[in-house]
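Asker: need a structure here:
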Amino acid sequence: MGTRLSLPLAGGDHVQGHATAPLTLVEYGDYVSPGTGRAFGVVERLQLRFGDRLRFAFRHFPLVDAHPRAMPAALLAEAAADAGAFWGMHALLLAHQDRLEDADLARYADQFGLSDTGGTRAHYERIDRDLGSGRDSGVGDVPAFYVNGVLHDGAYDYDSLAATLDRMSGA
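Answerer: Have a look, this model is predicted:
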């Protein structure tokens, strides 16, 4: 197990922000995990504070043994990504972590004009790639954050992550 990001960001990643931003924050998360749900607001605050200096990427790490609904939610997020709506679906799924049954996911798909809730081979491969890179990077639980490729070994609250980003930026 490492403490560095094993797979650099690439074209297939879900990224917000400029590729040239001096700070990169990568999160491995699970749509059912309460911690990932709490981290969503933290990331939004960090994006506001750091602005164009921060690039953020989300990678799937569904803990299917603990959270059986995490994989169907991740598959729906990937179906939304195919329609250019990953971030909207990402926010919706995290806002409704307690409502991720099949009927809920079908309703969310309808809201985004999607014909299905995901589950193509490409969707599974995409999630599997994230899982593999997470395991290779040392992810054991979610959320897990990497700042400029290095595991953030601390709390994932706003103050802790902001301090790490400040330190990495030389502020």
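
Asker: contacting residues around the nearest residue to residue 8 once chain neighbours are set aside?
Answerer: Once flanking residues are discounted, residue 8 sits nearest to residue 149: 7.4 Å by CB to CB, 6 or more residues apart in numbering. C-beta coordinates here come from the backbone N, C-alpha and C atoms, glycine included. Neighbouring residues of residue 149 by CB atoms under 8 Å, 6 or more residues apart in numbering: 4, 5, 8, 24, 26.

Asker: The second one contacts residue 144, correct?
Answerer: It stands for residue 5. No - contact status for residue 5 versus residue 144: not in contact, 10.1 Å apart, counting by CB atoms under 8 Å.

Asker: joint contacts of these two?
Answerer: Counting by CB under 8 Å, 6+ apart, the contacts common to residue 5 and residue 144 are 137, 151.

Asker: Next one: the residue nearest to residue 8 from residue 55, what distance?
Answerer: Distance, residue 149 to residue 55, using CB to CB, to the nearest Å: 12 Å.

Asker: again with residue 8
Answerer: Separation of residue 8 from residue 55 (CB to CB) stands at 12 Å.

Asker: swap in residue 42?
Answerer: In this view, residue 42 and residue 55 are 16 Å apart by CB to CB.

Asker: Just after the one helix or strand residue 73 maps to, pick out the following helix or strand.
Answerer: Element membership for residue 73 (DSSP states H and E) is helix 70-82. Downstream of helix 70-82, the first helix or strand assigned by DSSP H and E is helix 86-95.

Asker: List the buried residues in stretch 22-39.
Answerer: Neighbour counts using 16 or more other CB atoms under 10 Å place 23-33, 36-37, 39 of stretch 22-39 among the buried residues.

Asker: how about TSV for the residues you listed, with distance to residue 138, secondary structure and pLDDT added?
Answerer: Below are these laid out as TSV (distance: CB to CB, whole Å; DSSP: H, G, I helix; E, B strand; the rest coil; pLDDT from 0 to 100):
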residue	distance to residue 138	secondary structure	pLDDT
23	20	strand	97
24	17	strand	97
25	16	strand	98
26	12	strand	98
27	14	strand	98
28	10	strand	98
29	15	strand	98
30	16	coil	98
31	21	coil	98
32	21	coil	98
33	17	coil	97
36	17	helix	98
37	22	helix	97
39	18	helix	97
